[in-house]
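1. Next comes the sequence, and after it the predicted model I'd like to discuss.
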Amino acid sequence: MPQQRDARQAGAAALLALALCACEPPDARGAVRAWVFAADDAHVYSLQVAEVGHLESLRELRGRDLEVRRGTGVSEGLADTTIDRGDPFALAYEFDETGAAVPGDLDSLQALSMYRGLDRAATLLRAHGYLPADRLTVYFMPRLDNIVAGDERLLLTDNAAYFAAGAGFLIVPGFVLSDLPMMLNEGVLAHEFGHSVVQQTMLGGADDVRGSGASDPAAWRVAYRHLLAMHEGVADLLGFVQTGDPAFIAATAAVDRDLSVPADLTDRDLLELDSPPDPNDPLASLTSTFDPHWQGSLMARAVYEGWPAPTTGFTQQERGRLLDAVLDALRQLHYDDEFSLASFPGAIVQWLAAADRPRACAVLHRRLALLSERLDACKGL
Amino acid sequence: MRIALAVIALCALSAPPAGALPAVHAGGDAGLLLRQEAGGNRSVLPALSLRALMPAALGVEVGPAATFAYASGGGAIASATTQHWRLALRAERSWTIRKAEAIAAVAPVLVFMRTGLLDRGKEIRSVLVSRPGAAAGVALQVPFGRFAVRTGADLVVTSTRLDFAFTLGATWRPEAAP
């Protein structure tokens, strides 16, 4: 059957030709135009072509300040945490007729958009004098294992989180939130990057500060709760600085975190800060409802409200001034057992011009009245 | 993959040149494709495949196989759909074990993924990504007249992915006694 043999040879040749054609696109570095989810000036997110900057490898999503890893894992043991850094990311993409990179699957779309958001936060911070000490690692959809609780992947979903122990971020899949995923929200990404700024600037990049150097363990535990709340508040401010949207999280989740809506620190809020559970009482720790995001948001709202913004509102330039003040305040602060949620806004007041301080202090005294005694910078104002 | 290509090309080119029309063993399978995503995790996709194998040399059957799987993921704002195609030139060798046949297979493959990127449910952009790779698999086949029931598992390697597939299907064998 010569015809069959010819057909077989032709088929084999065609397959070989296809195999040679099916090459992956070249890697790219520097600034790359790519299809990503990004916000416009009105804070509306859409699929669009935008620049993704400072890449060393597009294929591996590795750049100046960030490295995205796949196949990672975090395993919590009784005494320590084991981190599996996995492998370099493997972005699926092709270049379109305009030269823009088009992600080839959902993971690639999300990871590329996320990388851009984090890189933009790093770029803004660098422009204001902050230099990340090291390249941060993004643990993309890691395995999460706990020696007691087992597989914890279903317990931590729909989130993006700063991961001090791994010097980077945990990006976990979304199952519940149906709107914009956390990892695509540029404000949330700047918020998470903000945690690394607090950790590096104020705490020397420590992977944890819980109980270290405690002369009075009870006082230290209280200070630690105040620190956690301040961490979240500063991160919220950086999310606002990056996006210009005081309600940046609203695109993702309907939670009460809008910085432009003033709110007062209540007795209950302060009680939560000042009453950490005894670490020797595991039941108390398990039943604690303390969420530092809330108290942190109250602090950030007070700073936002008291900031001497011009009548034109928070322009990009004004947000840059706020960022300068935030970075300078973090450099001035020291974490010890006297530390409180009032420490940070106090340092912000000291940064302000003398003429702007009375109004800022009036706002702080009103919103954080229960912490007034600890607002040293506002004494006499 | 080049080795697999070379083995299959050798078998194809050394097939008997003359004689009776060789029997084509055609079959189809349904199964699950455990597709490795860019982030390293695997998602489970329903998959369908077709194959047609002809006797070559050394007791090996060679022929094309195609697999299709579909994926849809994301939320209300950002989502993506993927049509996952896998084309292979499959070489199989079988051994009779009592009334069943054990099968081992290798294949060079081409994976094509047509992905649509959606904004609020509307496709804004699409892209075709292709990757060469290689596959290896095992199967167990139990003949029932001209048909055989078959279950198998495949492993597919491309440059940055490692996929698995588990299938259940049937093979039509015209030369077998009814």
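-> Received it, and whenever you're ready, just let me know what you need. Numbers count the residues shown, from 1 in each chain, chains lettered A, B, ... in the order given.

2. Tell me where chain B has strands.
-> Counting by DSSP state E, chain B has strands at residues B:25-36, B:42-55, B:60-74, B:78-97, B:100-119, B:122-144, B:147-158, B:162-172.

3. list the helices and strands the shortest one packs on?
-> It refers to strand B:162-172. Using 3 or more CB pairs under 8 Å, 6 or more residues apart in numbering or on different chains; DSSP states H and E, the elements in contact with strand B:162-172 are strand B:25-36, strand B:42-55, strand B:122-144, strand B:147-158. All C-beta spots, glycine's among them, are computed from the backbone N, C-alpha and C.

4. What confidence value was assigned to the nearest residue to residue B:92 once chain neighbours are set aside?
-> Distances taken as CB to CB, 6 or more residues apart in numbering or on different chains place residue B:105 nearest to residue B:92, at 4.4 Å, with adjacent residues excluded. At residue B:105, the model reports a pLDDT of 97.

5. Residue B:105 bridge partners, please.
-> Beta-bridge partners for residue B:105, by DSSP bridges, are residue B:92, residue B:137.

6. Run a quick neighbour tally on it.
-> By other CB atoms under 10 Å in any protein chain shown, 22 other residues sit near residue B:105.

7. which residues touch it?
-> Each residue near residue B:105 by CB atoms under 8 Å, 6 or more residues apart in numbering or on different chains is listed here: B:90, B:91, B:92, B:93, B:135, B:136, B:137, B:138, B:139, B:152, B:154.

8. of these, buried ones?
-> B:90, B:91, B:92, B:135, B:137, B:139, B:152, B:154 (16 or more other CB atoms under 10 Å in any protein chain shown).

9. what's the most distant pair in these?
-> The span of the buried ones among the contacts of residue B:105, defined through CB to CB, is set by B:91 and B:152 at 14.2 Å.

10. now the helices: where do they sit in chain A?
-> A:2-21, A:106-127, A:186-203, A:217-243, A:267-274, A:282-287, A:292-306, A:316-332, A:343-351, A:357-367 (DSSP state H).

11. among these, which gets the worst mean confidence?
-> helix A:2-21 (a mean of 56).

12. Output the helices and strands packed on strand B:162-172 as TSV; include the columns mean pLDDT.
-> TSV is the format used below for the helices and strands packed on strand B:162-172 (pLDDT from 0 to 100):
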stretch	mean pLDDT
strand B:25-36	95
strand B:42-55	94
strand B:122-144	95
strand B:147-158	96
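
13. Of all these, which one is nearest residue A:55?
-> Residue A:55 lies closest, by CB to CB, to one member of those: strand B:122-144, at 18.8 Å.

14. what sits opposite residue 51 in the beta ladder?
-> By default, I'm working from chain A. residue A:33.

15. actually chain B
-> Under DSSP bridges, the beta-bridge partners of residue B:51 are residue B:27, residue B:65.

16. right, and it touches residue B:24 too?
-> No. Assessed by CB atoms under 8 Å, residue B:51 is found out of contact with residue B:24, at 10.1 Å.

17. neighbour count winner among those two?
-> Neighbours of residue B:51 and residue B:24, each counted by other CB under 10 Å, are more numerous for residue B:51; the result is 23 against 15.

18. Please report the distance of the residue nearest to residue A:228 when sequence neighbours are not counted from residue A:272.
-> Once flanking residues are discounted, residue A:228 sits nearest to residue A:292: 3.9 Å by CB to CB, 6+ apart. According to CB to CB, to the nearest Å, residue A:292 stands 9 Å off from residue A:272.

19. Show me the beta-bridge partners of the residue nearest to residue A:106 when sequence neighbours are not counted.
-> Leaving aside its sequence neighbours, residue A:106 sits nearest to residue B:80 (CB to CB, 6+ apart; 4.0 Å). Note on residue B:80: beta-bridge partners by DSSP bridges are residue B:73, residue B:117.

20. Tell me how many other residues surround residue 85.
-> By default, I'm working from chain A. By the criterion of other CB under 10 Å, residue A:85 has 15 neighbours.

21. Correction: the question concerned chain B.
-> Neighbour number of residue B:85 under other CB under 10 Å is 15.

22. residue contacts, the residue lying closest to it once chain neighbours are set aside?
-> In space, residue B:85 comes closest to residue B:112 once its chain neighbours are excluded; the distance is 4.3 Å by CB to CB, 6+ apart. For residue B:112, the contact set (CB under 8 Å, 6+ apart) comprises A:22, B:84, B:85, B:86, B:87, B:128, B:129, B:130.

23. One more pass at 10 Å, please.
-> By CB atoms under 10 Å, 6 or more residues apart in numbering or on different chains, the contact set of residue B:112 is A:18, A:22, B:83, B:84, B:85, B:86, B:87, B:128, B:129, B:130, B:131.

24. and of the residues you listed, the nearest to residue B:97?
-> The nearest member of those to residue B:97, counting by CB to CB, is residue B:86 at 28.2 Å.

25. who are the neighbours in contact with the closest one?
-> B:33, B:47, B:49, B:65-69, B:107, B:109-113, B:131, B:133, B:135, B:154, B:156, B:158, B:163, B:165.

26. Equivalent analysis for residue A:284, please.
-> Residue A:284 is in contact with A:275, A:276, A:277, A:278, counting by CB under 10 Å, 6+ apart.

27. Excluding residues flanking it in the chain, which one is nearest the spatially most central residue of chain A?
-> By CA atoms, centre = their mean, chain A has its centre lying nearest to residue A:192, at 1.1 Å. The spatial neighbour of residue A:192 that comes closest, neighbours along the chain excluded (CB to CB, 6+ apart), is residue A:162 at 4.9 Å.

28. ok, now how distant is the one you found from residue A:106?
-> According to CB to CB, residue A:162 and residue A:106 sit 24 Å apart.

29. out of these two, which sits in the more crowded spot?
-> For residue A:162 versus residue A:106, neighbours defined as other CB under 10 Å are more numerous around residue A:106 (25 against 21).

30. My read is that that one contacts residue B:115, right?
-> Yes. With contact defined as CB atoms under 10 Å, residue A:106 reaches residue B:115; the gap is 7.9 Å.

31. Can you report how many residues neighbour the residue lying closest to residue A:366 once chain neighbours are set aside?
-> Using CB to CB, 6+ apart and skipping residues adjacent in sequence, the residue nearest residue A:366 is residue A:264, 7.3 Å away. Here the count is done by other CB under 10 Å, and residue A:264 has 13 residues near it.

32. next one: phi and psi at residue A:264?
-> Residue A:264 adopts backbone torsions of phi -100, psi 150, taken as degrees, to the nearest 10.
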